[in-house]
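Undergrad: Got a predicted model here, sequence first, then my questions.
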Amino acid sequence: MIEFQNLTVGFNNKSVLTDLSGSIKPGELIALMGINGVGKSCFLKTVTGLNSPISGDLKIDNKSFKDFTPLEMAKNLAVVLTDKIQVDFLKVEELISLGRSPHTNFWGDLEENDNQALTDVIKLLKIDSIYDRFFSDLSDGQKQKVLLARALVQGPRYLFLDEPTTYLDIPSKIELMNILKIVSHEKKVGVLFSTHDLDLVKNIVDYIWLVDSEGVLHKKIPDEMAWSGLLAKNFNI
Amino acid sequence: MKTRPLLIIAAFFLITAVLAGFLFFYGDIGFTTSDQTVLWQIRFPKIIVAFFAGGLLASAGLLLQVFFQNPLAGPDLLGINAGACLGVAIAIMGGAYLPSTLAAVSLPLMAMLGALSVFFLLAFLVQKNLSRISLLILGLLIASFTSSFISVLVNMSPSLQVKNFIMWSMGSFQGVPLEDIPLLVILSIAGLAALVFLPKKLNQFIIGENYAKSMGVNVASFKIILILVCSFLVAIVTAFCGPVGFIGIIAPHIARSFIKRSDIRWVMPAVFLVGSSLALFTELILIFTNQYSLATNSILGLIGAPVIALYLYKERRML
């Protein structure tokens, strides 16, 4: 279980969100919502260990983030970011295989269990037809699936995605949600993703975490969140 | 499908070997196979120097392009070349103004010293989280500072020393005597040994710092290692050959466009061999144009600038 208590996140020592508390358990599917600029990405970067918190506790199974080596963190957490990947001649195969790198030797050789992990994820995401193509030639929906595949082969216990549905068409959004549901509920991975698509997520996720305009984090199941009026207040619905 | 990268690397190796073989038997005085002095005292050192210098510069260029995630980065850009130049300028022209002990220090050592001081500055700033763009601009500032400093030295120096410096600054693979070759080879192999440990992390780094970090790379220390290795490679080459331009920028592009992979484990050897071939190729051109005594850097500029322009044109959507 990932736990955070009295967490203050920000960058360059400037606080963006303060006094955050909560936990993510394996098998949970959580949507993080909030208007643009409220600090969702900043929060995600902190709970994934990419940025250090300004203050507060951040733990995996009661062990502080600080006490993990980068490699141990990589075996627990995987991320799908909004960072653009622009690399000439990057094959889908190469990109996905990189997800195994926390498990491979100094040269990055893939062993049998690495290949097994790759095969499983390719099957789950049905991406064998694009496996041999260049990443830069793919559509946005395909790119997102490949990035998800890279994160999944890392074999994480927790998965974080920053606005994974933003540039996708409706069928791709639904497909991605179904995959995340399988990953969390069947593979028992704790999944947290930020999104603006309320209609898309409300029947699928276990919890909605809403950062309101005052920077307070509300955590409710989707139905309660709808009744509370918080969503209407924060999204001008 | 690993056959294509393997075939391409084999092809580049063959080209390098053929060029080296040809340069061994053919030179300014035509074909020779019997004159041992010419073969071993003149041609052999030149080939070894071009092979290693070209390859190391190309590898340094690849490291820089990954580090800056900028396909136009090259060893000249960080100011490391400039630092080495300043060191040598001081050694050649400032000799009269310095205590005799310092003046006696040889050119390679001063070049190394100049490059090292720039790279320690860079390593310090990277540790302080200076952004990549700022770092590039700093490189340009270092270059303009050193060139101003050098022009002051030029104004104050007798013409013979100025001429010596200008000759050195044109770059050449021919100036290393046979007795210095072992040192060059040892340093180059040390550089190559360092390169062997980088590909996995470079591959992780290539898709972005955040992803690299999320896959367990200690990004801060890896950046310092990259800068140290890169500066070491550039310093070796500049010390022995002068500031050699363009190979570092164009070799990675040529290699990648043939190998059509991004995996550094394939790209790195290909880049090294392309760099070696480019260096050997300029030596070949020098032989055929020997009546004009051209400079290595002008030939590389004539090849390099159009290649970069072509790349910019082809990739205009991406940049």
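TA: Received the coordinates, thanks.

Undergrad: What does the pLDDT read for B:Y97?
TA: B:Y97 is assigned a pLDDT of 66 by the prediction.

Undergrad: Ramachandran coordinates for the residue of the stretch 151-300 of chain B found nearest chain A?
TA: Distance from chain A to each residue of the stretch 151-300 of chain B (CB to the nearest CB) is smallest for B:G216, at 3.4 Å. (Glycine included, C-beta is placed from N, CA and C.) Taking degrees, to the nearest 10, you get phi 90, psi 10 for the backbone angles of B:G216.

Undergrad: got it, and A:K63?
TA: Dihedral angles (degrees, to the nearest 10) for A:K63: phi -110, psi 130.

Undergrad: quick revisit: now do the contacts for the residue of the stretch 151-300 of chain B closest to chain A.
TA: When the contact criterion is CB atoms under 8 Å, 6 or more residues apart in numbering or on different chains, the partners of B:G216 are A:69-75, A:101-102.

Undergrad: I'd like to know how many residues surround B:L192.
TA: Neighbourhood size, B:L192 [other CB atoms under 10 Å in any protein chain shown]: 16.

Undergrad: where's it relative to B:P269, distance?
TA: Computed with CB to CB, to the nearest Å, the distance linking B:L192 and B:P269 is 10 Å.

Undergrad: which neighbours do the two share?
TA: Residues touching both B:L192 and B:P269 by CB under 8 Å, 6+ apart: none at all.

Undergrad: got the contacts of B:G216 as a markdown table, with neighbour count columns?
TA: What follows is the contacts of B:G216, written out as a markdown table (neighbours: other CB atoms under 10 Å in any protein chain shown):
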| residue | neighbour count |
| --- | --- |
| A:T69 | 10 |
| A:P70 | 17 |
| A:L71 | 14 |
| A:E72 | 14 |
| A:M73 | 21 |
| A:A74 | 26 |
| A:K75 | 17 |
| A:S101 | 24 |
| A:P102 | 22 |
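
Undergrad: secondary structure element for B:A73?
TA: Following DSSP states H and E, there is no helix or strand that holds B:A73.

Undergrad: ok, it touching B:F67?
TA: Yes - when contacts are counted by CB atoms under 8 Å, B:A73 is listed as touching B:F67 (7.2 Å).

Undergrad: Tell me where the model's unsure across chain A.
TA: Low-confidence segments of chain A (pLDDT under 70): A:236-237.

Undergrad: residue in it nearest to chain B?
TA: For chain A, CB to the nearest CB, closest residue to chain B: A:A74, 3.4 Å.

Undergrad: Following whichever strand or helix holds that residue in sequence, what is the next regular element?
TA: Using DSSP H and E, the element containing A:A74 is helix A:70-76. Scanning forward in sequence from helix A:70-76 by DSSP H and E, the next helix or strand is strand A:77-80.

Undergrad: which other helices and strands contact that following strand?
TA: helix A:140-153, strand A:158-161, helix B:209-214 (3 or more CB pairs under 8 Å, 6 or more residues apart in numbering or on different chains; DSSP states H and E).

Undergrad: Next, count neighbours for B:G21.
TA: 12.

Undergrad: Distance of B:A123 relative to B:L130?
TA: 11 Å.

Undergrad: can you list the weak-confidence ranges in chain B?
TA: B:1, B:95-106, B:316-319.

Undergrad: From the centroid of it, which residue is nearest?
TA: In chain B, the centroid-proximal residue (CA atoms, centre = their mean) is B:L57; its distance is 2.5 Å.

Undergrad: which residues does that residue contact?
TA: Contacts of B:L57 by CB under 8 Å, 6+ apart are B:75, B:233-234, B:237, B:244, B:247-248, B:251, B:275, B:279.

Undergrad: Three-state assignment for it, please.
TA: helix (DSSP: H, G, I helix; E, B strand; the rest coil).

Undergrad: Tell me how many other residues crowd the residue nearest to A:T82 when sequence neighbours are not counted.
TA: Distance criterion CB to CB, 6 or more residues apart in numbering or on different chains; nearest residue to A:T82, sequence neighbours excluded, is A:D162 at 5.0 Å. Neighbour count for A:D162, taken as other CB under 10 Å: 21.
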